[in-house]
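In: sequence plus the predicted model coming up.
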Amino acid sequence: MNSPVGQNHRGWLMVGAMLLVQTVSSGIGFYNMSVYINEFAKLLDLSVADISFAVSLFFVTGGVAGIYVARLIDRVDVRWIMATGTVICGVSLYWVGQIQHLWQLYVLFVVFGVGNTGVSLIITTTLITRWFPGRNRSVALSISSTGLSLGGVLITPITARLFNSTSVAETMPMLALVFVVFILPIALWVVRMPGSVVQSKATAGGGEWTYRSAIRTRFFVLLAIGYMLCMGAQVGGIAHIYSRVEGVSDFATAALAVQVLSVCSIFGRFIGGIALLWLPLRGFTLVMLVIQMVGLGYIGYASTPAMAIVGAGILGMSVGNLLMLQPLWLADAFPGSQYPRVFAFANALSVFGVACGPFFMGLAYDSADYLVAYVGAVIMSMFAWVIIAFAGSGPHRKQSSV
């Protein structure tokens, strides 16, 4: 699709579709994790760390499966990838509501992780980056990825209230139905790849990057490692924010904290998407990491509901942008033909941090308290800042041969 972005009507339809897909998938599969940890710990009478490991399995499985899904994007119609992932998610969510033992939760969260890869950032950002190869890519990504935060605003509070008023066995089938009803029609009747893969400016004047040459660059390696630490701290903080705030106040305030985090994430990402039309990616990323540190620290030290809500808002301002910046940076650095595999590999690496974050913060809470857990997340973010700073602004362009 070579038309100007302003005339790319099908592309903007894809932006709206991906916004809805990410709203549902992130609300049920990402932001709801903080509620799942709390509720399943009560249901099975187990520690937070035990349940947090199920969340870790969800993320790790999704990260590894994403590497293989990325290889399918140019071989299989993306509609069928999304449709299959949606059905797998629906089935696994339904059966999660019927569990009686911890091992069943582990198995079903692994299946849920595999299915979620079919509607994950790998698919949605590939669609957007290919429909928008030009200057407005950051705006398109910021709008579509707003769904990542809307899920926390719209779905997580409702889920929390359902768990509080009904049982797990009643709530999980409802979530499964929502997942399938909202995403499957979009996957089958709306989603399309553009007629041709438009190359990014990464190929201009410097030769075509290959997958192997891209992932071996100093830029890619340091950015991937930095994001592994960044997302571990971020997702760990988000996964435990519900339990953390409920410990300071009650479930309603905890749900409000998730909402505030999500709303601030929306505004932060929207402002960031516009600002990136002029600001450098590297500098903006480093600023967002500092804001993440402040938010995590504030939540950890919160002794009143008001402090916890303020901390959630500060963290939210960084969350939306940091989730958007890695795919945007990689799409800007490497060609569209290689982007799915490059991002999938980077995402798989960062997922190890994502998986470890909730688990180790759960261990820190069980061993000490949430202050220790959140201070640990701040320290992890500091290491991420240093590593990403050394990554540079982009890879050194070279002619590749494979």
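Out: Sure, I can see it.

In: wait, doesn't Leu20 sit right on Phe179?
Out: No - the pair Leu20 / Phe179 is not scored as a contact, 11.9 Å apart, by C-beta atoms under 8 Å. Glycine gets a C-beta too; all of them are placed from N, C-alpha and C.

In: tell me which of the two has more neighbours.
Out: Using other C-beta atoms under 10 Å, the more surrounded residue of Leu20 and Phe179 is Phe179, with 28 against 16.

In: and the host helix or strand of the more buried one, what does it pack onto?
Out: Using DSSP states H and E, Phe179 sits within helix 168-189. Helix 168-189 sits against helix 9-26, helix 33-44, helix 78-96, helix 156-165, with contacts defined as 3 or more C-beta pairs under 8 Å, 6 or more residues apart in numbering; DSSP states H and E.

In: with adjacent residues omitted, what lies nearest to the residue nearest the centre of the chain?
Out: Nearest residue to the geometric centre of the chain (C-alpha atoms, centre = their mean): Leu323, 5.9 Å. Nearest residue to Leu323, sequence neighbours excluded (C-beta to C-beta, 6 or more residues apart in numbering): Leu148, at 5.8 Å.

In: give me the element the one you found is part of.
Out: Secondary structure (DSSP H and E) places Leu148 in helix 146-154.

In: hey, which helix or strand in this protein has the poorest pLDDT?
Out: Least confident helix or strand, the chain: helix 146-154 with a mean of 82, by mean pLDDT, DSSP states H and E.

In: for it, name the packing helices and strands.
Out: Helices and strands touching helix 146-154, by 3+ C-beta pairs under 8 Å, 6+ apart, are helix 9-26, helix 251-275, helix 305-333.

In: for Ala49, find the nearest of these.
Out: helix 251-275 (19.2 Å; C-beta to C-beta).

In: in that closest one, what's buried?
Out: Using 16 or more other C-beta atoms under 10 Å as the test for burial, helix 251-275 gives 251, 253-266, 268-270, 272-273.

In: repeat for stretch 358-373
Out: Counting neighbours by 16+ other C-beta under 10 Å, stretch 358-373 gives 358-365, 370-371, 373 as buried.

In: identify the residues contacting it?
Out: Residues from elsewhere that reach stretch 358-373 (C-beta atoms under 8 Å, 6 or more residues apart in numbering): 33, 37, 47-49, 51-53, 55-56, 235-237, 239-240, 243-244, 247, 300-301, 374, 376-377.

In: cool, stretch 121-130 as well?
Out: 11, 14-15, 18, 21-22, 66, 69-70, 73, 78, 81-82, 85, 117, 137, 140-141, 144-145, 191, 193-194, 197-198, 200, 323, 327, 331, 336, 339-340, 343-344, 347.

In: now it: mean pLDDT?
Out: For stretch 121-130, the mean pLDDT works out to 91.

In: do the same with stretch 78-85
Out: On average, stretch 78-85 scores 96.

In: can I get stretch 183-198 as PDB, trimmed to CA atoms?
Out: What follows is stretch 183-198, C-alpha atoms only, in PDB (Å, rounded to 0.1, in the frame of the first residue of the first chain):
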ATOM      1  CA  ILE A 183     -11.900 -10.700  18.600                       C
ATOM      2  CA  LEU A 184     -13.000 -13.600  16.300                       C
ATOM      3  CA  PRO A 185     -15.200 -11.500  14.000                       C
ATOM      4  CA  ILE A 186     -12.400  -8.900  13.600                       C
ATOM      5  CA  ALA A 187      -9.900 -11.700  12.800                       C
ATOM      6  CA  LEU A 188     -12.000 -13.300  10.100                       C
ATOM      7  CA  TRP A 189     -13.700 -10.300   8.400                       C
ATOM      8  CA  VAL A 190     -11.600  -7.200   9.100                       C
ATOM      9  CA  VAL A 191      -7.900  -8.100   9.300                       C
ATOM     10  CA  ARG A 192      -5.800  -8.000   6.100                       C
ATOM     11  CA  MET A 193      -2.200  -7.500   5.300                       C
ATOM     12  CA  PRO A 194      -1.400  -4.700   2.800                       C
ATOM     13  CA  GLY A 195      -0.900  -5.700  -0.800                       C
ATOM     14  CA  SER A 196       2.900  -5.600  -0.500                       C
ATOM     15  CA  VAL A 197       5.400  -5.300   2.300                       C
ATOM     16  CA  VAL A 198       6.700  -1.700   2.200                       C
END
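
In: contacts for it next, please.
Out: Contacts for stretch 183-198 (C-beta under 8 Å, 6+ apart): 1-2, 10-11, 13-14, 17, 20-21, 24-25, 74, 78-79, 82-83, 86-87, 119, 127, 130-131, 133, 336-337.

In: PyMOL command to pick out the buried ones of those?
Out: The buried subset of the contacts of stretch 183-198, as determined by 16+ other C-beta under 10 Å, is captured in PyMOL by this line:
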select buried, resi 1+11+14+17+20+21+24+25+78+79+82+83+86+87+119+127+130+131+133+336+337
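
In: so which helix or strand takes in Phe58?
Out: Using DSSP H and E, Phe58 falls in helix 48-72.
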